[in-house]
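Q: I would like to see how this sequence folds:
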Amino acid sequence: MGRKKKGDVVDGWVCLDKPFEMGSTEAVSRIRRLFNAQKAGHAGTLDPLASGILPIALGEATKTVPMMMEAQKVYRFTINWGVSTDSVDREGEIIGRSDVRPTVDQVKAALPTFVGEIDQTPPRFSAIKVDGARAYDLARDGVEFELQARRVTIHSAEVSDAPDADHVELTIRTGKGVYVRSLARDLAAALGAEGHVSALRRERVGPFSTQNAVTLDSLEEMVHRGAASEGLLAVATALDDIPELAVNEQDAFSLRQGRPIVLLPRQVETLKDRLTGGSRTVSAFQGQTLVALCQLRAGRLEPDRVFNLS
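A: Below is the predicted model:
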């Protein structure tokens, strides 16, 4: 007989507006304790020096985390001209100074170079592993190493504010794996300037945004009055861009047992019309209840991830 898991069965997403100076792991722990949840995880690390959207999955929602890792993200950040640091943020050691202050027009002219599929080298102070060690640990220890450039996608980049000559604020929409600090570093270099990221906020991760976010304070208030569920979003929230198929009770039972179901030709054609980017992933629902994430193959739905929801 297996050991009983600690905590309550809690399934859903918390769209947390993470405060500045809190790490992602600490944020997940705080949310898990607030809900007394058995299981929790996050969809994409957000640095302690950044604030904003950190989607946290509880229970069965953790099965949809891989979908969120692929989601587009929106960042708003400020570059402070004149000083470069080794970590490309305001906590690093100063490694360069310059009197160059790029104008807004110069920044706008340079940005198109960084939009689309580009090769980007991660910052030395990052969580990427080098021979089993984290790059930021090696960098702090003064170890010499090189990080390889990676192919990433920046869908859009624009100047959103320019409060003074020393600062410019940018808003970017990206694919996975993009480092804001690398963009700031490379943009400064392209403009012959020195600069670092002095403020960073993530405003969106897929369907999770500032519009459906909650703060830790508001969650604690909900828990205090016995209304924690008000801060919880449905497991299926992470699947907003995945085609849905309604299934009957018998098909739902088969999918939950890990068995594929055969579709009618019209169902197959409807799903094919809605699938994009070469994806074959379909979400199966019985009524309002998410049953499984499936792959559409040869006229059948084959379950990939099965959900134990009621």
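Q: give me the buried positions along stretch 212-227.
A: In terms of neighbour count (16 or more other Cβ atoms under 10 Å), stretch 212-227 has its buried residues at 213, 214, 216, 219, 222, 223. Every residue, glycine included, has its C-beta placed from N, CA and C.
Q: and the protein, what are its domains?
A: By the record's domain assignment, the chain is partitioned as 12-70+207-231, 73-205, 244-306 (the TED database).
Q: which one of those is the most hemmed in?
A: Per-residue neighbour counts averaged over each of the domains of the chain give the maximum for domain 12-70+207-231, namely a mean of 18 (mean count of other Cβ atoms under 10 Å).
Q: what about the helices in the stretch 151-300 of the chain?
A: 180-190, 216-224, 249-256, 265-274 (DSSP state H, counting those that start in this stretch).
Q: helices of the stretch 1-150 of the chain, start to end?
A: Ranges of helices within the stretch 1-150 of the chain are 24-35, 65-69, 104-110, 135-140, based on DSSP H, counting those that start in this stretch.
Q: what helices and strands are in contact with the third one?
A: When contacts are defined as 3 or more Cβ pairs under 8 Å, 6 or more residues apart in numbering; DSSP states H and E, helix 104-110 packs onto strand 150-164, strand 167-174, helix 180-190.
Q: adding distance to residue 244 and mean pLDDT, write the ones you listed out as a markdown table.
A: A markdown table is the format used below for the helices and strands packed on helix 104-110 (distance: least, Cβ to Cβ, whole Å; pLDDT from 0 to 100):
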| stretch | distance to residue 244 | mean pLDDT |
| --- | --- | --- |
| strand 150-164 | 25 | 97 |
| strand 167-174 | 25 | 98 |
| helix 180-190 | 33 | 97 |
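Q: closest to residue 96 out of the ones you listed?
A: Closest approach to residue 96 among the helices and strands packed on helix 104-110 is made by helix 180-190 (9.1 Å; Cβ to Cβ).
Q: just how off-centre is that closest one within its chain?
A: Here the centre of mass of C-alpha atoms in helix 180-190, compared against the chain's by Cα atoms, centre = their mean, to the nearest Å, lies 21 Å away.
Q: what's it packed up against?
A: Partner elements for helix 180-190 (3+ Cβ pairs under 8 Å, 6+ apart): strand 73-81, helix 104-110, strand 116-120, strand 195-205.
Q: possible to save these as JSON lines with distance to residue 46 and mean pLDDT?
A: Below are the helices and strands packed on helix 180-190 laid out as JSON lines (distance: least, Cβ to Cβ, whole Å; pLDDT from 0 to 100):
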{"stretch": "strand 73-81", "distance to residue 46": "10", "mean pLDDT": "98"}
{"stretch": "helix 104-110", "distance to residue 46": "25", "mean pLDDT": "98"}
{"stretch": "strand 116-120", "distance to residue 46": "18", "mean pLDDT": "97"}
{"stretch": "strand 195-205", "distance to residue 46": "6", "mean pLDDT": "97"}
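Q: returning to what we had before: residue 238: which of the domains of the chain is closest?
A: Distances from residue 238 to each of these were compared using Cβ to Cβ; the minimum, 4.1 Å, belongs to domain 12-70+207-231.
Q: averaged pLDDT, that closest one. What do you get?
A: Per-residue pLDDT values over domain 12-70+207-231 give a mean of 93.
Q: need the distance between the two termini of that domain.
A: With Cα to Cα, to the nearest Å as the measure, the ends of domain 12-70+207-231 fall 10 Å from one another.
Q: measure residue 156 to residue 276 for me?
A: Going from residue 156 to residue 276 by Cβ to Cβ, to the nearest Å gives 19 Å.
Q: the residue lying closest to residue 117 once chain neighbours are set aside: what's it in contact with?
A: Nearest non-adjacent residue to residue 117, counting by Cβ to Cβ, 6 or more residues apart in numbering: residue 153, 5.3 Å away. Contact criterion Cβ atoms under 8 Å, 6 or more residues apart in numbering gives 116, 117, 118, 174, 175, 178 as the residues in contact with residue 153.
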